[in-house]
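1. quick one, what's the 3D model for this:
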Amino acid sequence: MRKKTSLQIAYGKFRSTFIATIVFSFFTNLLMFVGPLYMLQVYDRVLSSRNEMTLVMISVIAVALLVSYGLLEFTRSRLLVRAGMQFDEVLANPVFHRVVKQQTTLPGSNAQIALRDIDKVREFMTGQGILAFFDAPWVPLFLALCFAFHPLLGAVATVGAVLIFILALTNEFATRIALEDASKAAQGANHFVNTTMQNAEVIRALGMEKQLTKRWLDQHDEMLAHQAKASDRAGSIMASSKFIRMSLQIAILGTGAYLAIHQLISPGIMIAASIMMGRALAPVEQAVGQWKQFVAARSSHKRLKELFTLVPDQEERTELPAPKGRLIVEQLFATVPGTRDTLLKGISFSVDSGEILAVIGPSGSGKTSLVRHLVGAMNPVSGAVRLDGTEMQHWDPDQVGRYIGYLPQDVKLFGGSVAENVSRFAEEPKDADIIAAATLSGAHEMIQKLNDGYETNVGDGGMFLSGGQRQRVGLARAVYRDPSLVILDEPNSNLDNVGEQALVDCIQELKKMNKTVILVTHKTNLLALSDKTLMLVNGAVEKFGPTEEFFQKPQAASGATRTASQASGRSPAVLQLSTIEKEEV
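-> Next comes the predicted model:
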């Protein structure tokens, strides 16, 4: 039997609430007869008999029934709100997990919109829109009562209901495509703004504001055009609906008056039929009014369903022993997300625990793509990345994350304090672990000099810190709680001399601790620390081997190097490494 997804479980939670709401809807709609029946009694009994006691008694009974109606309506609404909270509770965590996974495997997919989709679906399922659909099945009951008063009254009410229902369908077909196009344009405009504002200082410095504003306005205007088109059509339909609704009130009262003149019905029935028709048409009118919300919820449901189909539920994984840090890459192939363009071509290498591997290569050679596969952020098309013999995809993500340290090329911190960022926002971090990580990375003194020390707020993305400070806090985060595998992508790109020396000391200390370190760099001082070097060119392995042998020149061509090394006191391999900084490797 196929396991239910979290989305199906969330909707299943609603099922019992839906059933209860339908039951409550039956009684609330039954109590809607109080008004018409009260009017019948007033016109046919009270006015004819002029009995004040009868008026008082039926008024008391009517008020008591209406109190019951109010309580039932309150309970019905409260049930839906509580079910909405359960719906969100079931879905929030799985959707967030899928958004993160989708965004890492397919950058630029704008997957985070799924988090807003939960809100749209929940708001519809707990608001007036869904109540209109619950009340709609009772429309025939009110129409039947109109027919019971007189067939002509029933015919007028039925024609009105059919006309308004036709308008609802017209609204659907007339606005669906325009609303979908508006939604897509709005998503594109919002995504453009979010990504553009991350480089606000570049926009101001290079005078790009007008050009980028024009691009955003083009997308924004496209969204407005589609929305205006849908709103114009919906507005016309709503105006027609109101015209028909008011005309029907005149028609039902006029028909009732005609029948009363000919003594075919009493005046009380005329008023009661008017109220009854209004009640019959109310759910249909509400459905027309809530149609835009319904369409938005339907689109959100569709996107959530696609997300859950594209990113299946995370399987429960057996907790494995803590890894030692041995890394093996076997025939790794990768493509650009969403395309067939090859990024990595048959990458194979191995690193034992306690070894340092330097990854070098020209720009666009696939270094960062390789790193993203090593940390499990991307899944290979074929081949495998194994940590202590187990493929990265077979590790429990929460477990393996504790044993991996990662410093990306573009360091992004999260809104919060320095301590929270270093501890990876652990629920109950130990201060000793935070300080140990900062000390190991050489950032402890730098952090102490900040305004509030470890409690300093770094701002969104770490905007309140300099590039070098962000990199040093990111390094402390990477080595938090002594991970077995530490991967550093251009870790010294923003560091000054003090920061570089702290980085070198940190790497040397990690080696003493028998930790595996992967370095993406072309700096001599870091290459000299490595045990092995991997060179990538055009997504393929150009050369791989021990660093000391990696840069050795042929015997005939290395005489000058030996002479220079004797004069400088440095080894030939390290002396040759110094030429790397002059090239784009």
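
2. next one, pLDDT for the most centrally placed residue in the chain please.
-> For the chain, the residue nearest the mean C-alpha position is Gln112 (2.9 Å; Cα atoms, centre = their mean). pLDDT, Gln112: 76.

3. begin at 7 from here
-> Okay, residue one is now 7; in that scheme the one you just asked about reads as Gln118.

4. how much space is there between it and Arg82?
-> Gln118 sits 33 Å away from Arg82, going by Cβ to Cβ, to the nearest Å. For the C-beta atoms, the positions are set from N, CA and C on the backbone; glycine is no exception.

5. and for Lys216?
-> Lys216 is 54 Å from Arg82, by Cβ to Cβ.

6. neighbour count: these two, which is higher?
-> Set side by side, Lys216 and Arg82 show more neighbours around Arg82, with 21 against 9, by other Cβ atoms under 10 Å.

7. helix or strand with the lowest mean pLDDT in this protein?
-> Counting by mean pLDDT, DSSP states H and E, the chain has its least confident helix or strand at helix 565-574, which shows a mean of 43.

8. that's a helix at Glu548, yeah?
-> No - going by DSSP: H, G, I helix; E, B strand; the rest coil, the assignment for Glu548 is strand, not a helix.

9. could you say which helix or strand contains the closest residue to Trp144 other than its chain neighbours?
-> Computed as Cβ to Cβ, 6 or more residues apart in numbering, the closest residue to Trp144 that is not its neighbour in sequence is Asn35, at 4.1 Å. Secondary structure assigned from DSSP states H and E places Asn35 in helix 12-36.

10. name the helices or strands packed onto that helix?
-> Applying 3 or more Cβ pairs under 8 Å, 6 or more residues apart in numbering; DSSP states H and E, we find helix 12-36 packed against helix 58-111, helix 134-141, helix 297-316.

11. now for the following helix or strand past the shortest one, which elements pack on it?
-> Put plainly, it is helix 134-141. Using DSSP H and E, the helix or strand that follows helix 134-141 towards the C-terminus is helix 145-155. Contacts defined by 3+ Cβ pairs under 8 Å, 6+ apart place helix 145-155 against helix 157-202, helix 273-295.

12. the shortest one vs helix 12-36, what angle?
-> Our comparison of helix 273-295 with helix 12-36, counting by axes from the mean of the first three to the mean of the last three Cα atoms, to 10 degrees, yields an angle of 160 degrees.

13. please apply the same query to the first one.
-> Going by the same axes, to 10 degrees, helix 157-202 is angled at 150 degrees with respect to helix 12-36.

14. can you tell me which residues contact the residue nearest to the centre of the chain?
-> Taking Cβ atoms under 8 Å, 6 or more residues apart in numbering, we find Gln118 in contact with 105, 109.

15. now it: how far from Thr11?
-> Distance from Gln118 to Thr11, counting by Cβ to Cβ: 20 Å.

16. next one: Leu185
-> Distance from Leu185 to Thr11, by Cβ to Cβ: 27 Å.

17. for Leu363, same thing?
-> Taken as Cβ to Cβ, the spacing of Leu363 relative to Thr11 amounts to 40 Å.

18. ditto for Leu173
-> Distance, Leu173 to Thr11, using Cβ to Cβ: 37 Å.

19. returning to that earlier point: neighbour-wise, which of Leu185 and Thr11 wins?
-> The neighbour comparison of Leu185 against Thr11 (other Cβ under 10 Å) goes to Leu185, with 24 against 16.

20. how many neighbours does the nearest residue to the more buried one once chain neighbours are set aside have?
-> Spatially, and ignoring its direct neighbours in sequence, Leu185 is nearest to Ala236 (4.9 Å; Cβ to Cβ, 6+ apart). Look at Ala236: counted by other Cβ under 10 Å, it has 22 neighbours.

21. could you look up the SS state of Ala236?
-> At Ala236, secondary structure determined by three-state DSSP is helix.

22. tell me, how many residues neighbour the spatially closest residue to Lys10 that is not a sequence neighbour?
-> Nearest residue to Lys10 in three dimensions, chain neighbours excluded: Gly18, at 7.3 Å (Cβ to Cβ, 6+ apart). As a burial measure, Gly18 scores 11 neighbours (other Cβ under 10 Å).

23. could you do the one 5 residues further on as well?
-> Applying the criterion other Cβ under 10 Å, we find 20 residues in the vicinity of Thr23.

24. so Pro368, which state does it fall into?
-> coil.

25. where does it land on pLDDT?
-> At Pro368, the model reports a pLDDT of 89.

26. what about it, neighbour count?
-> Around Pro368 there are 15 other residues, counting by other Cβ under 10 Å.

27. swap in Thr348?
-> Thr348: 16 surrounding residues under other Cβ under 10 Å.

28. right, and it touches Ala340 too?
-> Yes - using Cβ atoms under 8 Å, Thr348 is in contact with Ala340, at 7.4 Å.

29. show me the shaky parts of the protein.
-> By pLDDT under 70, the low-scoring segments of the chain are 7-9, 113-115, 204-205, 207, 210, 294-295, 344, 557-591.

30. list the contacts for the residue nearest to Trp144?
-> Shown in contact with Asn35 (Cβ under 8 Å, 6+ apart): 141, 144, 147.

31. which residue packs closest to Gly480, ignoring adjacent ones?
-> Val417 (4.0 Å).

32. checking that neighbour next. Helix, strand or coil?
-> Assigned with three-state DSSP, Val417 falls in the coil class.

33. follow-up on the earlier one: what's the spacing between the residue nearest to the centre of the chain and Ile275?
-> As for Gln118, its distance to Ile275 is 58 Å (criterion: Cβ to Cβ).

34. what's the burial count for Val96?
-> Using other Cβ under 10 Å, Val96 has 19 other residues around it.
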